[in-house]
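> Please find the sequence and the predicted model below.
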Amino acid sequence: MPQPMLAKYRQRVELELSRRLAERSGIDPSLHQAMHYSLMNGGKRLRPTLVYLACELLGGKLEQADSAACALECVHSYSLVHDDLPAMDNDELRRGQPTCHIQFDEATAILAGDALLTWAFELLSEPVESLSATIQLQTIHTLSRCSGDLGMIDGQAFDLGSEGKTLSLEQLKSMHAAKTGELIRASLRLGALVSGCATDSDLEALDHYAQSIGLAFQIQDDILDIESTTEQLGKPQGSDAERGKATYPALIGLAQSKSWLNELHQEAVKALEPFGSRNSSLIELADFVIARNH
């Protein structure tokens, strides 16, 4: 995806997050400082971008998707804060900056993650004139399902329990379908739902696209952990291998991983065929997923 186009959605969601977070204040300022630090610490904003693109694909307006885009970034940011904790991945760098528990402390990082997760559902449930209560309920159900014990958290739990173990290809695919893929699927579904125009066939096509780019994203992550640098990644290069994590290059080889990556790109493009010429932005995003260097 051309950088100006990607920047457009990134800037929009960052402005929305910053504005909305500035309107919140509690009795402990350190909590909101940690939330702000974690939310505004850079990042590709891939998931909010998917929300906006799916909404526009089906004829919706960007303002209809703002709350959903913010909610997705809140859930993603909370998951990173918790993943970095000593009890999990024990990382000290995220996007080239100290992780939340290093910048603040472990307790504050846990609470900031909890607060971001909770705020996501407040954002989705706040009444919006342009959205029906039924659609809002569908968005809440979708994000709950995809980020919980049958989605992202399930994948993270399996990942933690698999360190140092040999996984089959199917186990590795299932783990990443849950840990990474489900939140990507939620992003596209929420964008489609808030457009107010989504049909069952639209959602099915977007699910197929999400499945392909979600797996492609993870394979590219594994490749970058080998071929990129700590400076480009914003976290220690080779950290997956050091922790004994199962990766696609380790399981099937680097060359086969790259070949599969290209196949998934083609599958993602094919999944968008029902949308005709309207699909160009999502195709460009699929291009970005496999060509990125961080």
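Perfect, thanks for sending it.
> what about stretch 64-76, distance to the chain center?
Offset of stretch 64-76 from its chain centre (C-alpha atoms, centre = their mean, to the nearest Å): 10 Å.
> Show residues contacting that stretch.
Under the criterion C-beta atoms under 8 Å, 6 or more residues apart in numbering, residues 9, 12-13, 16-17, 20, 39, 43, 45, 47-48, 50-52, 55, 116-117, 119-121, 123-124, 126, 128, 130-131, 139, 143, 147, 152, 183, 186-187, 190-191, 193-196 lie in contact with stretch 64-76. Quick note: C-beta positions are derived from backbone N, CA and C, even for glycine.
> Mind doing that once more with 7 Å?
The contact list for stretch 64-76 (C-beta atoms under 7 Å, 6 or more residues apart in numbering) reads 13, 16-17, 20, 39, 45, 47-48, 51-52, 55, 116-117, 119-120, 123-124, 126, 128, 130-131, 139, 143, 147, 183, 186-187, 190-191, 194-195.
> Pull out the buried residues from the residues you listed.
Listed as buried from the contacts of stretch 64-76 are 13, 16-17, 20, 39, 45, 47-48, 51-52, 55, 116-117, 119-120, 123-124, 128, 131, 139, 143, 147, 183, 186-187, 190-191, 194-195; burial here means 16 or more other C-beta atoms under 10 Å.
> Inside helices: which ones of those residues?
Under the assignment DSSP state H, the buried ones among the contacts of stretch 64-76 contribute 13, 16-17, 20, 39, 47-48, 51-52, 55, 116-117, 119-120, 123-124, 139, 143, 147, 183, 186-187, 190-191, 194-195 to helices.
> didn't Thr49 look like it was pressed against Ala7?
No: counting by C-beta atoms under 7 Å, Thr49 sits too far from Ala7 to count as a contact (10.0 Å).
> give me every residue that touches Thr139.
68, 124, 190, 193-194 are the contacts of Thr139 under C-beta under 7 Å, 6+ apart.
> Out of those, the closest to Arg24 would be?
Nearest to Arg24 among those: Leu124, at 16.0 Å, using C-beta to C-beta.
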